[in-house]
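[1] Predicted structure and sequence below. I'll ask about it afterward.
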Amino acid sequence: MGLNVGGERQPTGGFTLPRMPFQRSRGPMRITAVERAAAFAALGCPPWELGLCASCGQLMRRYGRNAAMNCNVCRAVLNGR
């Protein structure tokens, strides 16, 4: 019983997925204080709500009330528009 990692059938009726290959994370994005100030002024949000798009890494309003995980371009692609 236990954890199967090869896409095998579980005794409970579910399936496990094969392990994903290790992906090296991208280096941290470094922007200057001037770039950050310009970004939050353009986006109309406080600087602590800025973050990276989950898909492309573009700087966007990622945190806070009603914030999205993906930028507008990536959302349009994901929604097929």
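    That came through fine.
[2] how much space between Thr32 and Cys71?
    Thr32 is 21 Å from Cys71, where distance means C-beta to C-beta, to the nearest Å. (Glycine included, C-beta is placed from N, CA and C.)
[3] In terms of neighbours, single out the busier of the two.
    Cys71 (20 against 8; other C-beta atoms under 10 Å).
[4] quick one: contacts for that one?
    By C-beta atoms under 8 Å, 6 or more residues apart in numbering, Cys71 lies in contact with Cys53, Ser55, Cys56, Gln58, Met60.
[5] separation between it and Ala33?
    In this view, Cys71 and Ala33 are 22 Å apart by C-beta to C-beta.
[6] Over to Leu50?
    To Ala33, Leu50 is 12 Å away according to C-beta to C-beta.
[7] Neighbour count: those two, which is higher?
    Shown here are Leu50 and Ala33; by other C-beta under 10 Å, Leu50 has more neighbours (19 against 8).
[8] Next one: that one from Arg81, what distance?
    Taken as C-beta to C-beta, the span from Leu50 to Arg81 is 25 Å.
[9] Also Ile31?
    Noted for Ile31: a distance of 29 Å to Arg81, by C-beta to C-beta.
[10] neighbour-wise, which of the two wins?
    Using other C-beta under 10 Å, the more surrounded residue of Ile31 and Arg81 is Ile31, with 12 against 6.
[11] Specify the local secondary structure of that one.
    Three-state assignment for Ile31 (DSSP: H, G, I helix; E, B strand; the rest coil): coil.
[12] Quick check: phi and psi at it.
    When read as degrees, to the nearest 10, the backbone of Ile31 gives phi -120, psi 150.
[13] For it, list the residues it contacts.
    Residues near Ile31 by C-beta under 8 Å, 6+ apart: Ala39, Leu59.
[14] Read off the pLDDT value for it.
    Ile31 carries a pLDDT value of 78.
[15] ditto for Met69
    91.
[16] and if you look at Arg75?
    Looking at Arg75, the pLDDT reads 90.
[17] This completes my enquiry, with thanks.
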